[in-house]
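Novice: Output the structure for:
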Amino acid sequence: MKLEEQMRRMIRQKGHAYNTEKAYVQKYNQFIQFVKLKYGEYRHPADLGKSDIQDFLTHLATDRNVANETQRGALSALKFLYTQVLEKDLGLLDFAPADKPRKLPVVLTFNETSELLKQFSGTAQIQSELMYGCGLRISDCLRLRVKDLDFNGNTVQINDSKGSKNRLLMMPRSIKSALEERLKEVRYLYEQDRAKDVPGVWMPTALDEKAPSWGKQWGWFWVFPATKLSIDPRGGETRRHHIGRDPYAKRLSAARRRLMMAKEVVPHTWRHTFATHMLLQGCDLRTLQRLLGHSSIKTTEIYLHVIEAMSGDLVSPLDRLEHFAKTESKREESTV
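Specialist: Sure, this is the predicted structure:
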């Protein structure tokens, strides 16, 4: 079995998302190409040393000028390859860190948020309100399962998010009834699949092997299932997947154009806006870090730069120039 296939299999056994699999394999192939250019021939990763990995990570920073997040993604992929697949301990790595400055997030004001939400209806409206109301990535939103919604506890559970993190979030009470109606509609599609004996929805590999029937249970069904069946890119079976990203992205882009918004609004803008609005309402940084699922508080701190400008506590000297000029004149007059 080729090493890439071994890596894919291990990623699935660990229950990582398909997007993680694609990202890790992409970084693996970039590493292989880098090594080919370095030595003029293919070399198996097991025969390479720590210096080769360090050279690759440094190359990303110095030659390709990637962002820190991209470099960290490559590091995670190679650590997974060596520790989980090749069972080799890399130890501490010494490489040039990427220092490309991270862009400040695009954030909507409260008025802009309200106006943009009014542009949606139906499924897209629920998705928008969930992403803004809970600070979800679009992948977290689209991968929600019925069991993740707790209407009694008013919580939304996010499983296997970016970085394989799980977290429990508050369910916005204002969309509770809409979500309940949504599940009634989805239940009809679920019953159709069961009547036609369609294979169950995708399950993490470990669970699929342990309890293959769980994929056919109502609790594991998607909150946002696709209208048509499609082939599973991992197992090859024809089953019901969740809705893809493109339909929502197109609706969001159209809504932005209707409002003639100059800001570059993308699905992730909802998450940025949630974080900023939470801070403006008095949420502390540690709590926000937990809600967003950030590993490092430094990632969360970027929103502090945004609220300093949006909070209204800071005033440009231009807006108070006349006041300062008059104060200065009075001070000068009093000293004469």
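
Novice: Just the pLDDT at Leu207, thanks.
Specialist: Leu207 is assigned 64 on the pLDDT scale.

Novice: pLDDT weak spots in the stretch 151-300 of the chain?
Specialist: 161-164, 205-209 (pLDDT under 70).

Novice: all strands of it, in order?
Specialist: 155-158, 167-170, 230-231, 238-239 (DSSP state E, counting those that start in this stretch).

Novice: Can you tell me which of the ones you listed is most buried?
Specialist: When neighbours are counted by mean count of other C-beta atoms under 10 Å, the highest per-stretch mean among the strands of the stretch 151-300 of the chain falls to strand 155-158, a mean of 19. C-beta: built from backbone N, CA, C; applies to glycine.

Novice: now the strands of the stretch 151-300 of the chain as TSV including distance to His59?
Specialist: What follows is the strands of the stretch 151-300 of the chain, written out as TSV (distance: least, C-beta to C-beta, whole Å):
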stretch	distance to His59
strand 155-158	34
strand 167-170	34
strand 230-231	36
strand 238-239	40
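
Novice: Nearest approach to Lys2 belongs to which of those strands?
Specialist: For the strands of the stretch 151-300 of the chain, distance to Lys2 was read as C-beta to C-beta. The smallest value, 21.8 Å, belongs to strand 230-231.

Novice: Just the residues contacting the closest one, thanks.
Specialist: Identification of contacts with strand 230-231 by C-beta atoms under 8 Å, 6 or more residues apart in numbering yields Glu237, Thr238, Arg239, His241.

Novice: still on that earlier bit, out of the strands of the stretch 151-300 of the chain, the one nearest Pro45 is which?
Specialist: Of all the strands of the stretch 151-300 of the chain, strand 230-231 sits nearest to Pro45, with 30.3 Å by C-beta to C-beta.

Novice: which other helices and strands contact the longest helix along the chain?
Specialist: If each helix of the chain is counted by residues according to DSSP state H, the longest one is helix 18-39. Contacts defined by 3 or more C-beta pairs under 8 Å, 6 or more residues apart in numbering; DSSP states H and E place helix 18-39 against helix 3-13, helix 50-62, helix 68-80.

Novice: Dump these into a markdown table; add distance to Leu108, mean neighbour count and mean pLDDT as well.
Specialist: Conversion of those to a markdown table gives the following (distance: least, C-beta to C-beta, whole Å; neighbours: other C-beta atoms under 10 Å; pLDDT from 0 to 100):
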| stretch | distance to Leu108 | mean neighbour count | mean pLDDT |
| --- | --- | --- | --- |
| helix 3-13 | 35 | 16 | 90 |
| helix 50-62 | 32 | 19 | 92 |
| helix 68-80 | 22 | 18 | 91 |
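
Novice: of all those helices, which lies closest to Thr269?
Specialist: Nearest of the helices and strands packed on helix 18-39 to Thr269, taken as C-beta to C-beta: helix 68-80 at 17.2 Å.

Novice: so which of the helices and strands packed on helix 18-39 gets nearest Leu149?
Specialist: Of all those, helix 3-13 sits nearest to Leu149, with 25.9 Å by C-beta to C-beta.

Novice: Now do that closest one: distance to the chain's middle.
Specialist: Helix 3-13 has its average C-alpha position 22 Å from the chain's average C-alpha position, going by C-alpha atoms, centre = their mean, to the nearest Å.

Novice: what angle separates it from helix 18-39?
Specialist: Between the axis of helix 3-13 and that of helix 18-39 there is an angle of 150 degrees, by axes from the mean of the first three to the mean of the last three C-alpha atoms, to 10 degrees.

Novice: Export helix 3-13 to CSV, keeping only CA atoms.
Specialist: The C-alpha coordinates for helix 3-13 follow below in CSV (Å, rounded to 0.1, in the frame of the first residue of the first chain):
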residue,chain,number,x,y,z
LEU,A,3,2.3,5.8,1.9
GLU,A,4,-0.4,8.3,0.8
GLU,A,5,-3.1,5.7,1.1
GLN,A,6,-1.7,4.6,4.5
MET,A,7,-1.9,8.2,5.6
ARG,A,8,-5.5,8.5,4.4
ARG,A,9,-6.6,5.3,6.1
MET,A,10,-5.0,6.5,9.4
ILE,A,11,-6.7,9.9,9.1
ARG,A,12,-10.1,8.2,8.7
GLN,A,13,-9.4,5.8,11.6
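
Novice: Determine the set of other helices and strands touching that helix.
Specialist: Packing partners of helix 3-13 (3+ C-beta pairs under 8 Å, 6+ apart): helix 18-39, helix 68-80, helix 205-210.

Novice: For burial, what's the neighbour tally of Leu189?
Specialist: As a burial measure, the neighbour count of Leu189 was computed by other C-beta atoms under 10 Å and equals 15.

Novice: Grab the nearest non-local neighbour of it.
Specialist: Of all residues beyond its chain neighbours, the one nearest Leu189 is Pro225 (5.8 Å), with distances taken as C-beta to C-beta, 6 or more residues apart in numbering.

Novice: before we move on, what about His272?
Specialist: Here the nearest residue to His272 in space, its sequence neighbours aside, is Pro105; by C-beta to C-beta, 6+ apart that works out to 3.8 Å.
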